[in-house]
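S.K.: Fold the following.
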Amino acid sequence: MARDTELDELLRIELFSVLEPDALRSLMFAADMRLLRAGDVLFRKGETADCGYLLSKGCLALDSGEAGRPPDKLLRPVVLLGEIALVAATTRPATAFAREPTTVLRIGRALFHQTLEKHPKTALRVRRLFKERLTNFIGGIKFEA
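M.R.: Numbering: from 1, shown residues only. Modelled structure (predicted):
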(Lines give C-alpha, C1' and ligand atoms only; values in the text may rest on other atoms or scores of the structure.)
Protein backbone atom coordinates (compact mmCIF):
# COMPACT_ATOMS: atom_id res chain seq x y z
CA MET A 1 0.00 0.00 0.00
CA ALA A 2 3.02 2.30 -0.02
CA ARG A 3 2.82 3.39 -3.64
CA ASP A 4 2.52 7.15 -4.17
CA THR A 5 -0.97 6.88 -5.65
CA GLU A 6 -2.14 5.10 -2.51
CA LEU A 7 -0.40 7.50 -0.13
CA ASP A 8 -3.03 10.13 -0.93
CA GLU A 9 -5.69 7.91 0.64
CA LEU A 10 -3.57 7.47 3.77
CA LEU A 11 -3.32 11.22 4.18
CA ARG A 12 -7.07 11.29 4.95
CA ILE A 13 -6.21 9.65 8.27
CA GLU A 14 -5.41 12.49 10.64
CA LEU A 15 -2.38 10.85 12.26
CA PHE A 16 -0.86 9.98 8.90
CA SER A 17 -1.56 13.46 7.53
CA VAL A 18 1.08 14.94 9.85
CA LEU A 19 3.79 12.46 8.87
CA GLU A 20 6.46 13.53 6.41
CA PRO A 21 6.08 11.64 3.11
CA ASP A 22 9.32 9.70 3.64
CA ALA A 23 8.27 8.73 7.16
CA LEU A 24 4.88 7.52 5.92
CA ARG A 25 6.44 5.52 3.08
CA SER A 26 8.94 3.96 5.47
CA LEU A 27 6.21 3.04 7.94
CA MET A 28 3.97 1.47 5.29
CA PHE A 29 6.86 -0.43 3.70
CA ALA A 30 7.87 -1.97 7.04
CA ALA A 31 4.33 -2.81 8.19
CA ASP A 32 3.26 -6.46 8.16
CA MET A 33 0.43 -7.44 5.83
CA ARG A 34 -2.23 -9.77 7.20
CA LEU A 35 -4.87 -11.49 5.08
CA LEU A 36 -8.10 -12.43 6.85
CA ARG A 37 -10.90 -14.70 5.69
CA ALA A 38 -14.53 -13.93 6.48
CA GLY A 39 -15.05 -14.68 10.17
CA ASP A 40 -11.37 -14.45 11.18
CA VAL A 41 -10.80 -12.51 14.40
CA LEU A 42 -8.21 -9.74 14.16
CA PHE A 43 -8.20 -9.04 17.92
CA ARG A 44 -10.45 -9.59 20.93
CA LYS A 45 -11.94 -7.18 23.43
CA GLY A 46 -9.70 -6.80 26.49
CA GLU A 47 -6.50 -7.98 24.79
CA THR A 48 -3.37 -5.91 25.26
CA ALA A 49 -2.81 -3.73 22.20
CA ASP A 50 0.76 -3.33 20.97
CA CYS A 51 -0.02 -2.20 17.43
CA GLY A 52 -2.41 -0.43 15.14
CA TYR A 53 -4.04 -1.89 12.05
CA LEU A 54 -4.60 -0.11 8.78
CA LEU A 55 -7.62 -1.55 6.99
CA SER A 56 -6.72 -1.47 3.31
CA LYS A 57 -9.23 -3.90 1.74
CA GLY A 58 -12.42 -5.63 2.81
CA CYS A 59 -14.62 -5.04 5.84
CA LEU A 60 -14.11 -5.34 9.58
CA ALA A 61 -16.84 -5.48 12.21
CA LEU A 62 -16.30 -4.14 15.72
CA ASP A 63 -18.27 -5.93 18.41
CA SER A 64 -18.35 -4.79 22.05
CA GLY A 65 -19.56 -8.23 23.06
CA GLU A 66 -23.18 -7.72 24.07
CA ALA A 67 -25.02 -10.95 23.26
CA GLY A 68 -27.79 -10.80 20.70
CA ARG A 69 -26.74 -7.43 19.32
CA PRO A 70 -25.37 -6.85 15.83
CA PRO A 71 -21.80 -5.53 15.56
CA ASP A 72 -21.40 -1.98 16.84
CA LYS A 73 -19.66 -0.72 13.74
CA LEU A 74 -18.65 -1.84 10.26
CA LEU A 75 -15.41 -0.40 8.92
CA ARG A 76 -14.33 -0.07 5.30
CA PRO A 77 -10.98 1.12 3.90
CA VAL A 78 -9.07 3.26 4.56
CA VAL A 79 -9.18 3.41 8.37
CA LEU A 80 -6.69 3.05 11.23
CA LEU A 81 -7.67 0.92 14.22
CA GLY A 82 -5.74 1.17 17.47
CA GLU A 83 -4.14 4.56 16.96
CA ILE A 84 -3.45 5.01 20.69
CA ALA A 85 -1.70 1.61 20.77
CA LEU A 86 0.93 3.07 18.44
CA VAL A 87 1.94 5.45 21.21
CA ALA A 88 1.15 3.72 24.53
CA ALA A 89 0.03 0.42 26.01
CA THR A 90 -3.73 0.01 26.08
CA THR A 91 -6.38 -2.71 25.77
CA ARG A 92 -8.76 -3.39 22.91
CA PRO A 93 -12.24 -1.95 23.59
CA ALA A 94 -13.96 -4.34 21.17
CA THR A 95 -13.47 -7.51 19.16
CA ALA A 96 -12.67 -6.96 15.46
CA PHE A 97 -13.44 -9.64 12.90
CA ALA A 98 -13.49 -9.82 9.12
CA ARG A 99 -16.91 -9.79 7.45
CA GLU A 100 -15.39 -10.72 4.09
CA PRO A 101 -11.86 -11.35 2.77
CA THR A 102 -9.89 -8.48 4.29
CA THR A 103 -6.37 -7.08 4.18
CA VAL A 104 -4.82 -5.11 7.03
CA LEU A 105 -1.35 -3.74 7.65
CA ARG A 106 -0.07 -4.30 11.18
CA ILE A 107 1.95 -1.35 12.47
CA GLY A 108 3.74 -2.27 15.68
CA ARG A 109 4.35 0.29 18.41
CA ALA A 110 8.11 -0.33 18.19
CA LEU A 111 8.06 0.33 14.43
CA PHE A 112 6.06 3.53 14.92
CA HIS A 113 8.50 4.75 17.59
CA GLN A 114 11.49 3.89 15.38
CA THR A 115 9.92 5.92 12.57
CA LEU A 116 9.52 8.90 14.91
CA GLU A 117 13.14 8.58 16.03
CA LYS A 118 14.37 8.55 12.42
CA HIS A 119 12.15 11.51 11.47
CA PRO A 120 12.35 14.20 14.20
CA LYS A 121 10.10 16.65 12.31
CA THR A 122 7.44 13.97 12.11
CA ALA A 123 7.85 13.24 15.82
CA LEU A 124 7.29 16.93 16.59
CA ARG A 125 4.17 17.01 14.39
CA VAL A 126 2.76 13.89 16.07
CA ARG A 127 3.43 15.35 19.51
CA ARG A 128 1.62 18.57 18.52
CA LEU A 129 -1.34 16.59 17.16
CA PHE A 130 -1.78 14.64 20.40
CA LYS A 131 -1.25 17.77 22.51
CA GLU A 132 -3.97 19.57 20.53
CA ARG A 133 -6.35 16.64 20.90
CA LEU A 134 -5.73 16.41 24.63
CA THR A 135 -6.14 20.15 25.08
CA ASN A 136 -9.45 20.06 23.17
CA PHE A 137 -10.62 17.06 25.19
CA ILE A 138 -9.78 18.66 28.53
CA GLY A 139 -11.32 21.94 27.42
CA GLY A 140 -14.59 20.12 26.72
CA ILE A 141 -14.83 18.59 30.19
CA LYS A 142 -17.14 20.40 32.57
CA PHE A 143 -16.04 20.18 36.17
CA GLU A 144 -18.66 20.43 38.90
CA ALA A 145 -17.83 21.74 42.34
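S.K.: Give me the distance from stretch 129-144 to the chain's centre.
M.R.: Centroid separation for stretch 129-144 versus its chain: 21 Å, with CA atoms, centre = their mean, to the nearest Å.
S.K.: what's that stretch in contact with?
M.R.: Contact with stretch 129-144 is made by Glu14, Leu15, Val18, Val87, as judged by CB atoms under 8 Å, 6 or more residues apart in numbering. C-beta: built from backbone N, CA, C; applies to glycine.
S.K.: Recalculate using a threshold of 6 Å.
M.R.: Here stretch 129-144 makes contact (CB atoms under 6 Å, 6 or more residues apart in numbering) with Val18.
S.K.: Counting neighbours, which bits of that stretch end up buried?
M.R.: By neighbour count with 16 or more other CB atoms under 10 Å, stretch 129-144 contains the buried residues Phe130.
S.K.: quick one, helices of the chain?
M.R.: With DSSP state H, the ranges of helices along the chain come out as 4-10, 14-17, 21-30, 109-118, 120-139.
S.K.: would you turn the ones you listed into TSV with distance to Arg92 and mean pLDDT?
M.R.: Shown next, in TSV, are those (distance: least, CB to CB, whole Å; pLDDT from 0 to 100):
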stretch	distance to Arg92	mean pLDDT
helix 4-10	22	73
helix 14-17	18	96
helix 21-30	21	95
helix 109-118	14	97
helix 120-139	20	92
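S.K.: Tell me which of those lies nearest to Leu55.
M.R.: Nearest to Leu55, of all the helices of the chain, is helix 4-10, at 11.2 Å by CB to CB.
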